[in-house]
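**Student:** Sequence first, predicted coordinates after that:
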Amino acid sequence: MIAFLICAATIPLSADVSHLEGKDGRIWLQLEWRALDKALRESGPARTAAVADVISFRTKRRQLIPSAMISENRVEMDEGILAYKALLLAMPSKGERRSAVLASLRSAPSRSSLAQAFALVSGPAYAVLLDESPLGWKKLLPAEDDFGLLLVRAYGLRTAPTPTVAAKAYDGQALMAQEAARTTP
């Protein structure tokens, strides 16, 4: 199952998310994945704080790349939901699903294409977090087509931290330096 989530590059993207290959896209997506990882490992107020960080990083990326929201939502709702459904079929226990998603979140940054890994990693991570919330999120689909907005509702978020401040807790400076070096000829 993990191989499906990580290696399913054969699934065609339904929208252009190539911005996730650029420096800003890569930085803020990887910070979002780190915060999703933390949220899945925490509970109570610590989970809610990590979810706020997830939303902060997602929002920052979408502010820097205005076309991101529509294309990312489309891909997450298509490929992300499909990957989540496959996870449900392959792993009936919540613990197994959480472990698979955590492994996927941790290995995804080493892939050659974050754009192709994006929905296959993010979709199941968001879905598992939503499954563990009191929100009956599945009945809100397809009217709500944004995992971020669903998380905001599920965890009752009112505000999100400043992304650059929150990034410090996720080794953001090192990630930014790494991505800057990656894009410098």
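**Tutor:** In hand now; what should we look at?
**Student:** Need the nearest residue in space to Asp16, chain neighbours excluded.
**Tutor:** Nearest residue to Asp16 in three dimensions, chain neighbours excluded: Ser71, at 5.4 Å (CB to CB, 6 or more residues apart in numbering). The way it works is simple: take the backbone N, C-alpha and C, and place the C-beta from them, glycine included.
**Student:** Check Val75 too.
**Tutor:** Per CB to CB, 6+ apart, closest to Val75 is Ala119, 4.5 Å.
**Student:** residue ranges with poor pLDDT in the chain?
**Tutor:** 1-14, 143-144, 185 (pLDDT under 70).
**Student:** list the helices and strands the biggest helix by length in the chain packs on?
**Tutor:** In terms of residue count, the longest helix belonging to the chain (DSSP state H) is helix 44-64. Packed against helix 44-64 by the contact rule (3 or more CB pairs under 8 Å, 6 or more residues apart in numbering; DSSP states H and E) you find helix 23-41, helix 68-75, helix 147-154, helix 163-167.
**Student:** Centre-most residue in the chain?
**Tutor:** Ser122 (3.3 Å; CA atoms, centre = their mean).
**Student:** The helix or strand harbouring that residue relative to helix 23-41, how many degrees between them?
**Tutor:** If you go by DSSP states H and E, Ser122 is part of helix 114-131. Interaxial angle, helix 114-131 versus helix 23-41 (axes from the mean of the first three to the mean of the last three CA atoms, to 10 degrees): 30 degrees.
**Student:** What is the neighbour count of Asp171?
**Tutor:** 13 (other CB atoms under 10 Å).
**Student:** Which residues are in contact with it?
**Tutor:** Arg34 (CB atoms under 8 Å, 6 or more residues apart in numbering).
**Student:** Quick check on it: phi, psi?
**Tutor:** Main-chain dihedrals, Asp171, degrees, to the nearest 10: phi 60, psi 40.
**Student:** what's the neighbour count on the residue nearest to Asp16?
**Tutor:** 19.
**Student:** re earlier: let me see the contact set for the residue nearest to Val75.
**Tutor:** Contacts of Ala119 by CB under 8 Å, 6+ apart are 13, 17, 75-76, 78-80, 83.
**Student:** Also Met69?
**Tutor:** 62, 146.
**Student:** And it, how far from Arg97?
**Tutor:** 27 Å (CB to CB, to the nearest Å).
**Student:** Same question for Met176.
**Tutor:** 31 Å.
**Student:** more crowded one of those two?
**Tutor:** Shown here are Met176 and Arg97; by other CB under 10 Å, Arg97 has more neighbours (22 against 19).
**Student:** secondary structure element for the residue nearest to Val128 when sequence neighbours are not counted?
**Tutor:** Excluding its sequence neighbours, the residue lying closest to Val128 (CB to CB, 6+ apart) is Val101, at 5.1 Å. For Val101, the host element (DSSP H and E) is helix 94-107.
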